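K.L.:
Structure for the following, please:
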Amino acid sequence: MKLKLFNDGTAIFTERKSVHSLNIKVESDGYIHIGDRVFPIKNGVATIGTLPTGDYEVKVISGDKIYRAYEHVVVSDAKMATIDSTHLRKVIIPLKETVEILVKEVSDLKKQVNEHERKISGYSLFGN
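P.N.:
Predicted coordinates for the structure are as follows:
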């Protein structure tokens, strides 16, 4: 599994494979906290092992920067662990809807600015 770190201090699993033993790839070295357990990240990989099904706070400490995620791990009857992304959809869908609204509003504002600029750059009222 691969964990993507963002400059704002958040982290998201971008690669989600079902595995027996968790090895998390991270683009840095340091430490990863999963729940109350701490694992070293060596050469960009943290070996976690097995985790029971549940919600986990994930924290990566790299240098002076801290990245956080909150993930739900599901373990199947065959003892395969995977990251459940249902909670991300609950967050991302409203964000996408908000972005669509903002894009439309910005487009409308650009049209208004262009119209005002056209009116302002018309004939001079003072003969200059």
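K.L.:
low pLDDT regions in the chain?
P.N.:
Residues of the chain that meet the criterion pLDDT under 70 lie in 123-128.
K.L.:
mind listing what's buried in stretch 45-61?
P.N.:
Within stretch 45-61, the residues scored as buried using 16 or more other Cβ atoms under 10 Å are Ala46, Ile48, Tyr56, Val58, Lys59, Val60. (Glycine included, C-beta is placed from N, CA and C.)
K.L.:
ditto for stretch 88-97
P.N.:
Using 16+ other Cβ under 10 Å as the test for burial, stretch 88-97 gives Leu88.
K.L.:
excluding its backbone neighbours, what's nearest His87?
P.N.:
His72 (6.3 Å; Cβ to Cβ, 6 or more residues apart in numbering).
K.L.:
Kindly apply the preceding question to Phe13 instead.
P.N.:
Per Cβ to Cβ, 6+ apart, closest to Phe13 is Ile83, 4.9 Å.
K.L.:
For the one you found, give me phi and psi.
P.N.:
Note on Ile83: its backbone torsions stand at phi -90, psi 120 [degrees, to the nearest 10].
K.L.:
now swap in Lys119 and tell me
P.N.:
phi -70, psi -40.
K.L.:
please renumber so the chain begins at 74
P.N.:
From this message on, residue numbering opens at 74, which makes the last subject Lys192.
K.L.:
For Val186, see how far away it is.
P.N.:
Distance, Lys192 to Val186, using Cβ to Cβ, to the nearest Å: 11 Å.
K.L.:
Specify the local secondary structure of the residue nearest the centre of the chain.
P.N.:
Nearest to the centroid of the C-alpha atoms of the chain, with distances taken as Cα atoms, centre = their mean, sits Ile85, at 4.5 Å. Under DSSP: H, G, I helix; E, B strand; the rest coil, the three-state class of Ile85 is strand.
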